[in-house]
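Colleague: Sequence and predicted structure below; questions after.
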Amino acid sequence: MSESNAAKDPSSRTRGKAPGILPGLLQGMVTTAKSALRPTHTAEYPHAEPTLPPRSRGVIALLEENCTSCMLCARECPDWCIYIDSHKETIPATTPGGRDRQRNVLDRFAIDFSLCMYCGICVEVCPFDALFWSPQFEYAEYDLRDLLHEKERLGGWMATVPPPPALDPAAAEPAEVTAANRPERGRP
Amino acid sequence: MTWVEVVLRAVVILAAFLSLPLLVGQTEHKLMAHMQGRLGPMYAGGFHGWAQLVADGAKFVQKEDIVPAAADKRLFRLAPAIALIPYLVALATVPIHPGVAGLDVPASALLFLVATGVGALGTLVAGWASANKYALLGALRAAAQLISYELPIVLSLASVCLAGGSLSLLTLTDRWQPHWLLWQLPGALVFLVASVAELTRPPFDTPVADAELVMGPWTEYSGLRFAFFLLTEYAGIVVMALLLSALWLGGWHGPFSDTLGWLWTVLKAFAVAVLIIWMRVAWPRVRADQLQRLAWLVLVPVALAQLALTGVGVVMGW
Ligand code: SF4
Ligand code: SF4
């Protein structure tokens, strides 16, 4: 086959040269035999734990102490599946003549996982590091309505949140470390 | 032959007929899975899913046996038997051990051909009686295929009969010589390819091509009758592999053939069955026109050439 012909024929362009029928059939047998001798890919899931990548989006865990009930997550959630109730509590002044302070107390924090689309916006948007991705995924239910999980259940998943991955070798120092290491100002 | 021996032989043949296809089926499950990087059945029966096909059988028994309203009911019910029983007869004719075949008749090669030919009829009856267009199309494809591939089978078997100078399978295996391996090799390959086509196994499974015809002639079947068609397919593999092993691979010929002859036959047949399974995994389906081309332009000429070669060999006294 001449050079110009080879360029026009699509099959020869993609495969280099087409093997005949018999080599093709033999190749099929060799390929299948090879994969029969290799270990299989099947993971026998309920009997063997799956190995999930550390950033798997399994479920959203809540660290209740960090949550300020700021509602940012609920407002950013694209399908409005985060429910937050809170009330204000007054903390009396500690010094005479001081001002009473107020703080938010979280009454209810619930995520409806039958609506959640695992976009991760709530985790990203939380300014107080109260929401985390956990790779835990075994929380199927028989009834759709049972997928609405309250803050106790969400808090329970905190135990399954993996530690943050190590930084890349050449990455910049985290901002907190830089701030802590900065020399104090104004002293000689 | 006393009647006790007759009953004993019948029971043994029936047991082999019901167990060997399951063995082949399980081998197919596991081998195909591993060739595709899977594990296959793992749980039924505990150890690597050995009882999967038994469980499948139990499932088929429980299923409803449906006969379509428009079907030709008597033929529809009869078709699985027409497909299955001839292979039982064919299995009985195959020589297993020196001097032992379930059914030792003078012209057992002819009986074998007739039996497998009738078996093909079951597919046609099933497709025609179902009153379903997929079944009918499948049956017509099967008819075209089975007619074309019957001829290479007859010719390659005739070549062996000529070489051994007998129509009895038992005598043929007895007269087998190691140089037949080369001398009869083209015929063996023709028989292998044609028997895979005769069983409508992949890569020659256009009659039951599931992407086009649902399940071909078996579309309307359910429950035990459907299971019988599956059993027919695997019994067919067993029968064809045993015959290939007996006539072309020397059957019981091997070390200690006086005592272990039957084991040699079965082992050789098992190797052939694995090859048939392997073809299914490795090769794509052949188109209907390619199928006819292969039968008439390759297999029949090769089988005729083999017949001529055998004739020359017999005259020269090889
Ligand atoms: S992951 Fe997305 S959808 Fe789910 S709760 Fe968070 S913001 Fe809403
Ligand atoms: S954004 Fe964070 S702090 Fe604010 S309500 Fe949501 S979880 Fe709590």
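Modeller: Perfect, I can see it now. Worth saying up front: this structure is predicted, and the values here are computed from it rather than measured. Ligands and ions are numbered 1, 2, ... in the order given.
Colleague: Mind naming the longest strand for chain A?
Modeller: strand A:101-112 (DSSP state E).
Colleague: just checking, what packs against the helix or strand containing A:Ala33?
Modeller: Using DSSP states H and E, A:Ala33 sits within helix A:21-37. With contacts taken as 3 or more C-beta pairs under 8 Å, 6 or more residues apart in numbering or on different chains; DSSP states H and E, helix A:21-37 sits against helix B:3-35, helix B:257-282. (Each C-beta comes from the backbone N, C-alpha and C, glycine too.)
Colleague: on that earlier part again, residues touching the longest strand of chain A, excluding its own?
Modeller: Defining contact as C-beta atoms under 8 Å, 6 or more residues apart in numbering or on different chains, one finds that strand A:101-112 is touched by A:60, A:62, A:64, A:67-70, A:81-91, A:93, A:147-151, A:154.
Colleague: right, so the helices and strands packed on helix A:21-37: which one is the most enclosed?
Modeller: Greatest average neighbour count among these goes to helix B:257-282 (a mean of 18), per mean count of other C-beta atoms under 10 Å in any protein chain shown.
Colleague: Please tell me how far B:Trp252 sits from ligand 2.
Modeller: Distance, B:Trp252 to ligand 2, by C-beta to the nearest ligand atom, to the nearest Å: 79 Å.
Colleague: residues near that residue, how many?
Modeller: For B:Trp252, the tally of surrounding residues (other C-beta atoms under 10 Å in any protein chain shown) stands at 26.
Colleague: does it count as helix, strand or coil?
Modeller: Here B:Trp252 is coil, with the state taken from DSSP: H, G, I helix; E, B strand; the rest coil.
Colleague: A:Val59 and A:Trp157 touch, don't they?
Modeller: Yes - here A:Val59 reaches A:Trp157: they are 5.5 Å apart, a contact under C-beta atoms under 8 Å.
Colleague: shared neighbours, these two?
Modeller: A:134, A:136.
Colleague: Compare the two (neighbour count), which wins?
Modeller: Between A:Val59 and A:Trp157, counting by other C-beta under 10 Å, A:Val59 is the more crowded of the two (23 against 20).
Colleague: So what are the sheet partners of the helix or strand bottoming out on mean pLDDT in chain B and their directions?
Modeller: The helix or strand of chain B with the poorest confidence is strand B:100-101; it has a mean of 76 (mean pLDDT, DSSP states H and E). Strand B:100-101 sits in its sheet next to strand B:95-97 (antiparallel), going by DSSP bridges.
Colleague: What is the burial count for the residue in the stretch 151-300 of chain B that ligand 2 sits nearest to?
Modeller: Residue nearest to ligand 2 within the stretch 151-300 of chain B: B:Ala211 (50.7 Å; C-beta to the nearest ligand atom). Per other C-beta under 10 Å, the neighbour tally for B:Ala211 reads 6.
Colleague: right, and the secondary structure at it would be what?
Modeller: B:Ala211 is classified as helix under three-state DSSP.
Colleague: hang on, the earlier thing: any residue of the longest strand of chain A touching ligand 2?
Modeller: No - judged by C-beta under 6 Å from any ligand atom, strand A:101-112 makes no contact with ligand 2; its nearest approach is 7.0 Å.
Colleague: pLDDT of that strand, averaged?
Modeller: On average, the pLDDT along strand A:101-112 is 92.
Colleague: and what of stretch B:183-196?
Modeller: Stretch B:183-196 comes out at a mean pLDDT of 90.
Colleague: Helices of chain A, start to end?
Modeller: A:3-8, A:10-15, A:21-37, A:72-76, A:121-125, A:151-156, A:175-181 (DSSP state H).
Colleague: Between those, which one is closest to B:Val286.
Modeller: Smallest distance to B:Val286 across the helices of chain A (C-beta to C-beta): 10.7 Å, for helix A:21-37.
Colleague: can you state the direction angle for that closest one and helix B:3-35?
Modeller: Interaxial angle, helix A:21-37 versus helix B:3-35 (axes from the mean of the first three to the mean of the last three C-alpha atoms, to 10 degrees): 90 degrees.
Colleague: Now the longest strand of chain A: buried residues?
Modeller: A:106, A:109-112 (16 or more other C-beta atoms under 10 Å in any protein chain shown).
Colleague: hmm, back to that, and the helices and strands packed on helix A:21-37 as CSV, adding mean pLDDT and distance to chain A?
Modeller: Output for the helices and strands packed on helix A:21-37, formatted as CSV (pLDDT from 0 to 100; distance: least, C-beta to the nearest C-beta, whole Å):
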stretch, mean pLDDT, distance to chain A
helix B:3-35, 89, 4
helix B:257-282, 88, 4
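Colleague: can I get those helices in CSV with distance to B:Ala241?
Modeller: CSV is the format used below for those (distance: least, C-beta to C-beta, whole Å):
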stretch, distance to B:Ala241
helix B:3-35, 8
helix B:257-282, 4
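Colleague: Format the ones you listed as a markdown table; extra columns: distance to ligand 1.
Modeller: Below are those laid out as a markdown table (distance: least, C-beta to the nearest ligand atom, whole Å):
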| stretch | distance to ligand 1 |
| --- | --- |
| helix B:3-35 | 37 |
| helix B:257-282 | 43 |
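Colleague: Tell me how far B:Asp65 lies from chain A.
Modeller: 33 Å (C-beta to the nearest C-beta, to the nearest Å).
Colleague: per-residue pLDDT, that residue?
Modeller: pLDDT at B:Asp65 comes out at 84.
Colleague: Wait, a strand at B:Arg285?
Modeller: No - counting by three-state DSSP, one finds B:Arg285 to be coil, located in no strand.
Colleague: now it: how far from chain A?
Modeller: 13 Å.
Colleague: Next: B:Ile66.
Modeller: 32 Å.
Colleague: Might you list the low-confidence residue ranges for the chain?
Modeller: Using chain A. In the predicted model, chain A carries pLDDT under 70 at residues A:1-18, A:187-188.
Colleague: wrong one, chain B
Modeller: B:1.
Colleague: and the longest strand of chain A with ligand 1, contact?
Modeller: Yes - for strand A:101-112, a contact with ligand 1 is found by C-beta under 6 Å from any ligand atom, at A:Ile111.
Colleague: what residues does chain B put near ligand 1?
Modeller: Taking C-beta under 6 Å from any ligand atom as the criterion, chain B has no contact residues with ligand 1.
Colleague: Going along the chain, name the helices of chain B.
Modeller: Remark: helices assigned in chain B by DSSP H are B:3-35, B:52-62, B:73-93, B:108-129, B:133-164, B:169-174, B:180-183, B:185-198, B:210-213, B:223-247, B:257-282, B:288-293, B:300-316.
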